[in-house]
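[1] Would you be able to build a 3D model of this:
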Amino acid sequence: MIIKTVNGKTPQIGEDCFIAENATIVGEVTMGDQCSIWFNAVVRGDVNYITMGNKVNVQDGAVIHGTYQKFATTIGNNVSIGHNALVHGCTLKDNVLIGMGSIVMDGCVVESNSIIAAGAVVTAGTHVPAGSVFAGMPAKKIKDISVELSSGEIDRIANNYVKYSGWFKEN
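    Numbering: from 1, shown residues only. Below you'll find the predicted structure:
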């Protein structure tokens, strides 16, 4: 793993976290507990800060970054960021699922209990209301989230990634 200080700012990693051997975390990054940063993921707090709550998983190939002097990235609790997603200079509240290959751009706010579908492009400044599912290019609301999606996807994936990371910590 690459954990690097940039401009005097060193990543702060919470308790019981898993960082893959080829993950990169640099600069002003603060992670909560039970987080996992997976293979080839990049969390780059060099040009602006990145904060993550507890039980956040950043899956393989995902990139988290911000915009210099404009947009930091803030991620709440119980958030899953899917494989090859790009989360850039935005706010993700609690209980959010960012689907594989999706893009969430500068100034976006994704409110709690929401899903950004795989491959969606959430354009700059978009506000995703709580309990929404957004999909498409550009992403638009396609429906309200159901209890089944909330517990069956958001909670299931976040909890599974805590379990998966345990497999790697044991070895």
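[2] Show me where this structure has its helices.
    With DSSP state H applied, the chain shows helices at 147-149, 156-170, listed in chain order.
[3] which one of those helices lies closest to residue 15?
    Of all the helices of the chain, it is helix 156-170 that lies closest to residue 15, at 11.8 Å by C-beta to C-beta. C-betas here are computed from N, CA, C, even on glycine.
[4] Give me the spatial nearest neighbour of residue 107, chain neighbours excluded.
    If you skip the residues right next to it in sequence, residue 107 has residue 125 as its closest partner in space, 4.3 Å away by C-beta to C-beta, 6 or more residues apart in numbering.
[5] now residue 123
    Nearest residue to residue 123, sequence neighbours excluded (C-beta to C-beta, 6+ apart): residue 138, at 4.6 Å.
[6] Tell me how many other residues surround that neighbour.
    Residue neighbour count, defined by other C-beta atoms under 10 Å, stands at 13 for residue 138.
[7] Give me the phi and psi for it.
    Reported as degrees, to the nearest 10, the phi and psi values for residue 138 are phi -70, psi 150.
[8] before we move on, what about residue 130?
    Geometry field for residue 130 lists phi and psi as phi -50, psi 140, criterion degrees, to the nearest 10.
[9] next one: the lowest-mean-pLDDT helix or strand in the chain to chain centre, how far?
    Lowest by mean pLDDT, DSSP states H and E among the helices and strands of the chain is helix 147-149, with a mean of 81. For helix 147-149, the gap between its own C-alpha mean and the chain's C-alpha mean amounts to 20 Å (C-alpha atoms, centre = their mean, to the nearest Å).
[10] buried sites along that helix?
    When neighbours are counted by 16 or more other C-beta atoms under 10 Å, the buried residues of helix 147-149 are found to be residue 149.
[11] got the contact list for the longest strand seen in the chain?
    The strand that spans the most residues within the chain, counting by DSSP state E, is strand 42-52. Contact partners of strand 42-52, identified using C-beta atoms under 8 Å, 6 or more residues apart in numbering, comprise 6-7, 9, 11, 23-32, 35, 37, 58, 62-75, 79, 89.
[12] if you compare the helices of the chain, which one is most tucked away?
    helix 156-170 (a mean of 14; mean count of other C-beta atoms under 10 Å).
[13] I am finished for the moment; much appreciated.
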